[in-house]
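1. what would the 3D arrangement of this be:
(one chain, ligands or ions: 1)
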Amino acid sequence: MENILSKYESVTPQDVTVWFKAGKTSDFPADGGNCIKYKDKQIAVFNFERRNEWYACQNLCPHKMEMILSRGMIGSTDDIPKIACPMHKKTFSLKDGSNLNGDDLKIATYPVKIVEDEVLIGFID
Ligand code: FES
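-> Alright, predicted model coming up:
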């Protein structure tokens, strides 16, 4: 069986080969998230208005393989922006995808840039 997690690998800004138009800024609620699709990936995109920042990560929570992170709660711990999975509250850094509860689980993160009112997510094509 294909490992669904292997589809998701973090992309750094230097590695981006394609900037995908994910939607308009108004498609993403303030201090909340929305899910978009890029090829066979579901990507959670967050408009972290309180920090005036945007983040993107895999929508798949690696704990129980639920496509759910876009519906999680965003916040900050020690100035690290984070997403808490709504299922069992595991939290992940939105900067590097690391698990902030100290276990091995990690998520992939993707660069986001805003050009005029378009939200662009960076991928490796
Ligand atoms: S499914 Fe996300 S924390 Fe359990």
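2. quickly note the distance from the closest residue to Lys7 other than its chain neighbours to Thr17.
-> Counting by CB to CB, 6 or more residues apart in numbering, Lys7 lies nearest to Lys41, which is 5.8 Å off, once chain neighbours are set aside. For the C-beta atoms, the positions are set from N, CA and C on the backbone; glycine is no exception. Applying CB to CB, to the nearest Å, the value for Lys41 to Thr17 is 15 Å.
3. higher neighbour count, these two?
-> In terms of neighbours (other CB atoms under 10 Å), Lys41 is the more surrounded of Lys41 and Thr17; the figures are 17 against 9.
4. wait, the more buried one sits on Leu5?
-> No: using CB atoms under 8 Å, Lys41 and Leu5 do not qualify as a contacting pair, with a distance of 11.2 Å.
5. identify each buried residue in stretch 30-43, please.
-> Under the neighbour-count criterion of 16 or more other CB atoms under 10 Å, stretch 30-43 has 32-34, 36, 41-43 buried.
6. who's in contact with it?
-> Defining contact as CB atoms under 8 Å, 6 or more residues apart in numbering, one finds that stretch 30-43 is touched by 7-8, 20, 22-23, 27-28, 44-50, 56-60, 67, 69-72, 74, 83, 110, 121, 123.
7. would you mark the buried spots in stretch 68-78?
-> By 16+ other CB under 10 Å, the buried positions in stretch 68-78 come out as 68-72, 74.
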